[in-house]
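Novice: below are the sequence and a predicted model for it; my questions follow.
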Amino acid sequence: MFFDRKDYSDQILLDLYRTLLFPRMIEEKMLVLLRQGRISKWFSGIGQEAISAGVVSALAPEEWIMPLHRNLGVFTGRGMPLQKLFLQWQGSAEGFSLGRERSFHFGSRDYHVCGMISHLGPQLALADGAALAYKLRKEQKLALAFTGEGGTSEGDFHEALNLAAVWDLPVIFIIENNGYGLSTPIAEQFRCKRLADKGIGYGMESVQIDGNNILDVYDTIKGVREFCIREQKPYLIECMTFRMRGHEEASGTKYIPSELFELWGKKDPVVCYENWLKEEGLLDEGRVNDIRGKFRTVIENAIAVPQHPVLADTKKETEDMYAKAPEHIEQVYTAAVDTEAAPVKRYIDGIRDGLWQAMEENGNLILMGQDIAEYGGAFKITEGFLDKFGHDRVRNTPLCESAIVGAALGLALKGFKSVMEMQFADFAAVGFNQIVNNLAKIHYRWGQPADLVIRMPTGAGVGAGPFHSQSNEAWFTHVPGLKVVYPSTPADAKGLLIAAILDPNPVLFFEHKVLYRSISGPLPEHYYSIEIGKANLVSEGTDVSIITYGAGVHWALSLAAEKPEISFHILDLRTLLPLDYDAIREAVAKTGKVILLHEDTLTGGIGGEISAWIGEHCFELLDAPVMRCASLDTAIPFNIDLEKNFLANSRLAGTLEKLLAY
Ligand SMILES: Cc1ncc(C[n+]2csc(CCOP(=O)(O)OP(=O)(O)O)c2C)c(N)n1
């Protein structure tokens, strides 16, 4: 292996050696601990250490890195205390994730490391978001994300690289091409000659380098880093290497021809570099033994730290799913809102006003979405925003829902807030993984808030067919860590949107498309918020309670207008996660007869959950079975008559009759 020291000082060359050797020695110890049953699973990076060590040495310490499961050297290279790392790997309460996560699935703001989720791919877009934050703040920094060569087959790889190219983001994408993705050889993973060539397709500079040569890695990353920051561009680097052990320790290596181990064994990054340093006269056996001895002591001491059992505390576990809002935000939440004297405006105006004022009040708020800038968005909600707030803050995106959700999370790592507009709620399906696995779980996993809002134009009633009309809120109400908000009036739309933006947690904000321009009501002009998680009593009554939200509120009001002889108690939930159980109990107590009404389809809809809760907690308050009135368990038909039949509203009067006749 040829090492070109260029102008690097002896000190740098020796520091690189230490950064390279330390993870190797830790891993050798880990394999022993694994055999002793002290850790349960280990993904080895033996043979690949030069990449992590080179990367971490070339970057500035406060530049965000998104590592994967074989990048121990990033964690140690950033100076994370080894004993805390050991405790992490053992699932201890004193680890970085309080025993809630395994091995490298954690991050740390202190060390600017955002560890992976199991799903391969999402980490790449987070680097885009962090890089965008640097760019917006004009910081001379970049972000860097790793992927394996297997991970390049994921759609997230494409989205993240394309986004970085289109937005001119200072970010480095590293492919560690180690020959196999679990048992799948590269020939079954891709057909291009070199993965680095994929850069051409994105209009991005790229290079393939020897990932086992620490000096090549270090020197390349240093140069590329300067280029990315100077030119404000991304870069793709393919590091050729080899996985010297099984995918994880239990899975073996039988499927790999033994010649490959022989070939790559000769290119061992630690041995080759050590030998070269000896040839250069920078190391000798004595110094090597000295360095190794010191590392051995550090490792043994770190392992010796006793591990305390994790004591389960249900309250803490459930509370930690969510980040707490700072106190001054709590105050905005709870300030009273007087709608009496407010001018009457449409539902869409409520959303627009809320978004506009939130942009004025929060200089760190970024809007992202398809066609939201010049075009003003599919529903024209952001019309005029570009002129007022500029391109940096009102960002058109390519078609890449997953990458935008990921980038929003990356922005949150750097203290930005963002609102992403899904063009239609239906398209959240292609950002689903980022939402339910990354946004929802990150605070619980390592205390990082996902401070962002996803606006979800939703609902049927305009003949838009199965892919532009879905009520998909229940996809998300099942996911702890998310908040799901769904206003039905202009004033609520504004106040709840502002609350969602102020809330440090990921909020899915459902806006009914039919309500946009069909519903009007008083809309206060000042900047206010309405507390998330609080239902609204729309009308007080004594005969029957309708618990509903969104368009359902207006269906219930129409029914009540048609039947003045019946006294309706109508509760607008406004938030579906968390639910306002006090208000639900009160609605049950008021009439003893309950209809749960929603536009969403019946099976698995939130109505089933609320019904179960009422059965469990309010059984003695009921005079009749809880009845659900929901849309048909079918896809949403395009034909208007079929759609009318599909929608819950067509069965509401019948449900009422049945309930009252019980
Ligand atoms: C989306 C997704 N699909 C499948 C897996 C299961 N899995 C975990 S690692 C792995 C192989 C990854 O190969 P590569 O990206 O080349 O990285 P390497 O493990 O070789 O470092 C697979 C299939 C996963 N974690 N995520």
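Specialist: Looks like it arrived, so ask away.
Novice: buried residues in stretch 75-92?
Specialist: 75-78, 80, 82-92 (16 or more other CB atoms under 10 Å). In short, each C-beta sits where N, CA and C put it, glycine included.
Novice: from the residues you listed, which are also near the ligand?
Specialist: Filtering these for proximity to the ligand by CB under 6 Å from any ligand atom leaves nothing.
Novice: burial check on the residue in the stretch 451-600 of the chain positioned nearest to the ligand, number of neighbours?
Specialist: The stretch 451-600 of the chain approaches the ligand most closely through residue 479 (17.6 Å), counting by CB to the nearest ligand atom. A count of nearby residues for residue 479, using other CB atoms under 10 Å, gives 19.
Novice: returning to what we had before: just flag the most distant two among the buried residues of stretch 75-92.
Specialist: 77 and 91 (23.3 Å; CB to CB).
Novice: before we move on, the earlier item: closest one of the buried residues of stretch 75-92 to the ligand?
Specialist: Distances from the ligand to those, taken by CB to the nearest ligand atom, are shortest for residue 75, at 15.4 Å.
Novice: so who does the closest one touch?
Specialist: By CB atoms under 8 Å, 6 or more residues apart in numbering, the contact set of residue 75 is 67, 85, 104, 111, 113.
Novice: the second one: which element?
Specialist: In this structure, residue 85 sits in helix 82-89 according to DSSP states H and E.
Novice: hmm, the residue of the stretch 451-600 of the chain closest to the ligand is touching residue 438, no?
Specialist: No - in this structure, residue 479 is not within contact of residue 438 by CB atoms under 8 Å, at 11.3 Å.
Novice: what's across from whichever residue of the stretch 151-300 of the chain sits closest to the ligand in the sheet?
Specialist: The ligand sits closest to residue 181 of the stretch 151-300 of the chain, with a gap of 3.0 Å, by CB to the nearest ligand atom. When assigned by DSSP bridges, residue 181 has beta-bridge partners residue 184.
Novice: counting neighbours, what do you get for it?
Specialist: Neighbours around residue 181, by other CB under 10 Å: 20.
Novice: list, one by one, the residues from the protein near the ligand.
Specialist: 70, 118-120, 148-151, 176, 178, 180-182, 243, 247.
Novice: in the stretch 351-500 of the chain, what residue is nearest the ligand?
Specialist: residue 433 (7.7 Å).
Novice: any idea of the pLDDT on that residue?
Specialist: Predicted confidence (pLDDT) for residue 433: 98.
Novice: run the chain-centre distance for the helix or strand containing it.
Specialist: Assessed by DSSP H and E, residue 433 sits inside helix 432-433. Relative to its chain's centre, helix 432-433 lies at 8 Å (CA atoms, centre = their mean, to the nearest Å).
Novice: show residues contacting it.
Specialist: Contacts for helix 432-433 (CB under 8 Å, 6+ apart): 119, 121, 122, 156, 402, 475.
Novice: in a strand, residue 145, correct?
Specialist: Yes - according to DSSP: H, G, I helix; E, B strand; the rest coil, the state of residue 145 is that of a strand.
Novice: which ones are touching it?
Specialist: Residue 145 neighbours (CB under 8 Å, 6+ apart): 65, 66, 123, 124, 126, 127, 160, 171, 172, 173, 174.
Novice: ok, now how distant is it from residue 235?
Specialist: 12 Å (CB to CB, to the nearest Å).
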